[in-house]
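Show me how the following folds:
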Amino acid sequence: MKVVIALNTAWNAVNFREGLLRALVADGHEVVVVAPYDDYASRIADFSCRYVPLPMDNKGANPLRDLLLLFQFYRLLRYEKPDVFLGYTVKPNVYGSLAAHVLGVPVINNIAGLGAVFIKQNWLTSVVQRLYRLALSRSRYVFFQNRDDCQLFIDSGLVRSEVTTLLPGSGIDLLKFYFSPVTAEPHKFRFLLIARMLWDKGVGEFVEAAKLVRERWPNIECCLLGFLDVQNPAAISRTQMNEWVVQGSVLYLGVSDDVRSEIQKADCIVLPSFYREGVPHSLLEAASVGRPIITTDAVGCREVVDDGKNGFLCKVSDAHDLAKKMEQMLLLNEESRYAMSMYGRQKMEREFDEKIVINSYLKAIDTIQKRQNL
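So this is what the prediction gives:
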């Protein structure tokens, strides 16, 4: 089978889909990755996949540009003649799926969270819902990463329940993100937030909570890791980040291609997001390595944490409650935090193994192949 997988960034393919891409190739499929060009595009060949660049205005709402994107998807798929199309993220899921439907190409969608557009109901939300309803109307399979999103789409009539399947997020590579206990050597206790630097990810709340906690615990570190100045209306500017760093409450670590080592240096991972997450991959990575987590009791985030067992859930958009949970983590003894680490790792092994996700895709593609051979 020839499989085209479309995403909004090559970075996404390299960091979150490597296991799936390698498994598809190992299963004998020809895999073509379609995404806008970025610094990670050249690495796709390492997975024995072919890369095709496709410019995409990921956060724009210009109808003319979106119409052009639909035409570009149509032209690309007509040329490639794939046996199946896999869509990730909003625009590939919408415009890539529409083009595939016109050409009679079977479609498998993955709704990896709904993002900022579903936080508040407005005209844009209505437009996106209508596009989803049209794009998913003929899909063979629609994978969701959390139960809330799946139920929302079914209840809103955006997708037929019989084509939906619930996956454990993107899954986690348990071998790559191996269990690594916190070092016993004396060190400053480190809280770490890993995300694109967006207000919707709760970065502002984390900075405010860090100020509050450091008033009583001045020797702790509160660190941020992730892309700044991203193409997003909710992006945090470099100027704003520099102001926070100068104030002394947080440290900005930049970006890293070795996220695992940054997690290993931390004592607790924090993500106070109110973004409509699928299941945040950074939390899966943290739990797999064995780090307690503090995250919001919000869609997608709450799936990773059993409150009090492998971390704490805090209120959404509430820096004071977040600070309270951070202090609660600091007051735990080493044995209690280690118990949280073990529980988190075991939860990943039970519920979020990447193999569950990969096997779901292989089974779906195999079913499509058998139908085509009838």
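
In the stretch 51-200 of the chain, where is pLDDT below threshold?
Applying pLDDT under 70 to the stretch 51-200 of the chain picks out residues 59-61, 115-121, 123.

can you give me the strands for the stretch 51-200 of the chain?
Secondary structure of the stretch 51-200 of the chain (DSSP state E, counting those that start in this stretch): strands at 84-88, 107-111, 141-144, 164-166, 190-194.

Quickly run through the sheet partners of the second one, with directions.
I take that to be strand 107-111. Using DSSP bridges, the strands paired with strand 107-111 are strand 84-88 (parallel), strand 141-144 (parallel).

Need the CA coordinates for the longest one. CSV is fine.
Taking only C-alpha atoms (Å, rounded to 0.1, in the frame of the first residue of the first chain), the coordinates of strand 84-88 have been written out as CSV:
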residue,chain,number,x,y,z
VAL,A,84,-4.8,5.5,1.9
PHE,A,85,-4.5,9.1,3.3
LEU,A,86,-3.7,9.7,7.0
GLY,A,87,-4.5,13.2,8.3
TYR,A,88,-3.2,14.9,11.4
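
picking that back up, would you reformat the strands paired with strand 107-111 as a markdown table and include distance to R196 and mean neighbour count?
Heads up, the C-betas are built off the backbone N, CA and C, glycines and all. Below are the strands paired with strand 107-111 laid out as a markdown table (distance: least, CB to CB, whole Å; neighbours: other CB atoms under 10 Å):
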| stretch | distance to R196 | mean neighbour count |
| --- | --- | --- |
| strand 84-88 | 16 | 27 |
| strand 141-144 | 22 | 24 |
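
Now tabulate the ones you listed in TSV and tack on distance to E243.
Below are the strands paired with strand 107-111 laid out as TSV (distance: least, CB to CB, whole Å):
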stretch	distance to E243
strand 84-88	35
strand 141-144	39
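
Neighbours of R65, how many?
14 (other CB atoms under 10 Å).

Let me know whether it touches D57 as I believe.
Yes - the criterion here is CB atoms under 8 Å, and R65 meets it with D57 at 5.0 Å.

Quick check: next helix or strand after the helix or strand harbouring G344?
Per DSSP states H and E, G344 falls inside helix 334-351. Proceeding N to C from helix 334-351, the next assigned helix or strand is helix 354-373, under DSSP H and E.

Report the inter-axis angle for that following helix versus strand 84-88.
150 degrees (axes from the mean of the first three to the mean of the last three CA atoms, to 10 degrees).

Would you mark the buried spots in helix 354-373?
By neighbour count on 16 or more other CB atoms under 10 Å, the buried set for helix 354-373 is E354, V357, I358, S360, Y361, L362, A364, I365, I368.

just checking, what packs against it?
If contacts are counted by 3 or more CB pairs under 8 Å, 6 or more residues apart in numbering; DSSP states H and E, helix 354-373 sits against helix 18-26, strand 84-88, strand 107-111.

who's in contact with that helix?
1, 3, 19-20, 23-24, 27, 29, 83-84, 86, 106, 108, 140-141, 143, 165, 167-174 (CB atoms under 8 Å, 6 or more residues apart in numbering).

which among the residues you listed end up buried?
Among the contacts of helix 354-373, those classed as buried by 16+ other CB under 10 Å are 1, 3, 19-20, 23-24, 29, 83-84, 86, 106, 108, 140-141, 143, 167-174.

Domain ranges for the chain, per the record?
Recorded structural domains for the chain (assignment: automatic domain parsing) are 2-171+353-373, 190-351.

Which among those is found nearest to Y178?
Each of these has some distance to Y178 by CB to CB; the shortest is domain 190-351, at 7.2 Å.

chain center to the closest one: distance?
With CA atoms, centre = their mean, to the nearest Å as the basis, domain 190-351 stands 15 Å off its chain's centre.

Please apply the same query to stretch 93-112.
Taking CA atoms, centre = their mean, one finds the center of stretch 93-112 at 20 Å from the center of the full chain.

Go through that stretch and flag the buried ones.
93-101, 105-112.

Contacts only, for L330.
F189, V213, W217, I220.

Tell me the spacing between it and F191.
9 Å (CB to CB, to the nearest Å).

Overlap in contacts, the two.
Common contacts of L330 and F191 (CB under 8 Å, 6+ apart): I220.

returning to what we had before: of all the helices and strands packed on helix 354-373, which one comes closest to L228?
Evaluated over the helices and strands packed on helix 354-373, closeness to L228 peaks at strand 84-88, with 23.5 Å, by CB to CB.
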